[in-house]
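>>> Next one to model:
(one chain, ligands or ions: 2)
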Amino acid sequence: MDINQVDIEKIVQQVLSQMGDQKPDGRKQTAPQSFSIPKRAKVAMMTDLRKIEVKEFDIPEIGDDEMLVKVEGCGICGTDVHEYKNDPFGLIPVVLGHEGSGQIVKMGKNITQDTTGKPLALGDKIVTCTIPCGKCDACLNMREKDNLCENSGIYGLMPEDDHYHFNGWFSEYLVIRKGSTFFKVNDMSLKLRLLIEPAAVVVHAVERAKSTGLLTFNSNVAIQGLGPIGLMLLAVIRTMGVENIIAIDGDEKRLQMAKRFGAKYTMNFKNYKDLDEQVRRLKELTSGRGADFAFQCTGVPAAASNVWKFVKRGGGLAEIGFFVDNGCCSINPHHDICKKEITMVGSWTYKVSDYPITFDFLRRAVGIGLPIEELITHEYSLDQMNEAMDTNMKQLGIKIAYINKN
Ligand SMILES: [Zn+2]
Ligand SMILES: [Zn+2]
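Ligands and ions are numbered 1, 2, ... in the order given. Here you go, the predicted model:
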């Protein structure tokens, strides 16, 4: 029998997803009938700029279309840090945290399956995705672009002033309300589950990049900015089979990590006199051509200008560094756009349908030996969230996470 690669992958995925439902001895997992749930639980609420306080509330009754999840942990996103520093979304008071995962401890009677149709039971581990509004132009007329929903809800970026209170992952419990999208991910380690959301951002960006037709196996790819998103991006395109990757950053630790994630070359921009020298070096590394495709993953406007210089004539560029407004940058329309015929795509968060692709990617990345879980460098408890934010602002680690050890 001739089993091709696709078949093998399907079989592996099937086995892996079944493993999530089984005990190590192979017997089918019997979900517990009930969990003991406290009357009250804690949240880490941002009550002012640069101020997070632990508060306690009564856990509300769970409706027929709702679930209660015990939070196991949640990654801290650049967006959380931005909100912590400046409250650009005007959310205070707010319980942040949207990169979380936890265990279902109570289910309304109408909840039977996750968003992909997998049966759900008490004790299952889940992650949440967005809550599309169903009413805006994107929701009604561009079904395939639900990431562009004008009023998309996301746990951890909701105003606190609703009666749920437990609406961000920086808490002990979370109420999953009607209309939410969520996925069962029992077969993944906690660390891997906490990396699903940033990985989905990257998977979406790569799908956007692929839509240009300019990202292929043999492409010389430049990745500018090696924070969690840039490193994750490196992992995604390595997992796809792209090998000629040049990683650019100003931090040696991150560049070393990029090497371990499979970058062929690294460039520390601080070692070059100016941008021209950097471009010269990048051309040396790409047989004099420049990058076939570049991903801009920093939130720095100057970097968003510079990246155009790295791309060759006829090349492609994806901008994924600006999920918050960090200001404008200048582009020379003659040199950067017209003359080079660069095809540029923007990428905004992720579609609900990017999530299952993301699970497969993470399993494959681990399968080929990429040290994905090592992206989480620091762990904090709920009452250390100010410290956690501080560590993030000082860029002392890569991905900082809240872990609930209770
Ligand atoms: Zn995020
Ligand atoms: Zn919408």
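
>>> ok, residue 85 - how many residues close by?
12 (other CB atoms under 10 Å). C-beta: built from backbone N, CA, C; applies to glycine.

>>> Let me see the contact set for it.
49, 50, 393 (CB atoms under 8 Å, 6 or more residues apart in numbering).

>>> Now it: phi and psi?
According to degrees, to the nearest 10, the main-chain angles of residue 85 amount to phi -80, psi -40.

>>> What ranges in this protein fall below the confidence cut-off?
1-33, 160-163 (pLDDT under 70).

>>> so residue 291 sits right up against residue 309, yeah?
No. Using CB atoms under 8 Å, residue 291 is not in contact with residue 309, being 9.8 Å away.

>>> In terms of neighbours, single out the busier of these two.
A side-by-side neighbour count of residue 291 and residue 309, using other CB under 10 Å, places residue 291 first with 28 against 18.

>>> For that one, which non-adjacent residue is spatially closest?
residue 222 (3.9 Å; CB to CB, 6 or more residues apart in numbering).

>>> Likewise for residue 405?
Per CB to CB, 6+ apart, closest to residue 405 is residue 381, 6.5 Å.

>>> can you check residue 116 too?
Spatial nearest neighbour of residue 116, chain neighbours left out: residue 356 (5.8 Å); criterion: CB to CB, 6+ apart.

>>> Is it correct that residue 188 is in contact with residue 359?
Yes. Between residue 188 and residue 359 there is a contact under CB under 8 Å: 7.3 Å.

>>> And the two? Which one has more around it.
Legend: neighbour count by other CB under 10 Å for residue 188 and residue 359, higher for residue 359 (25 against 20).

>>> three-state assignment of the more buried one?
Secondary structure, DSSP: H, G, I helix; E, B strand; the rest coil: residue 359 is helix.

>>> next one: residue 34
When classified by three-state DSSP, residue 34 comes out as coil.

>>> Also residue 267?
Assigned by three-state DSSP, the conformation of residue 267 is strand.

>>> Tell me who's in contact with it.
Contacts of residue 267 by CB under 8 Å, 6+ apart are 246, 247, 248, 255, 278, 281, 282, 285.

>>> switch to 10 Å and redo it
With contacts taken as CB atoms under 10 Å, 6 or more residues apart in numbering, residue 267 has the following neighbours: 222, 224, 246-250, 255, 258, 278, 281-282, 285, 310.

>>> Hmm, residue 301 is touching residue 322, no?
Yes. Look at residue 301 against residue 322 with CB atoms under 10 Å: they come within range, at 8.5 Å.

>>> Please identify which of those two sits among more neighbours.
residue 322 (18 against 15).

>>> contacting residues for that one?
296, 297, 298, 299, 300, 301, 304, 329, 346, 348.

>>> make it 7 Å
Residues in contact with residue 322 (CB atoms under 7 Å, 6 or more residues apart in numbering) are residue 299.
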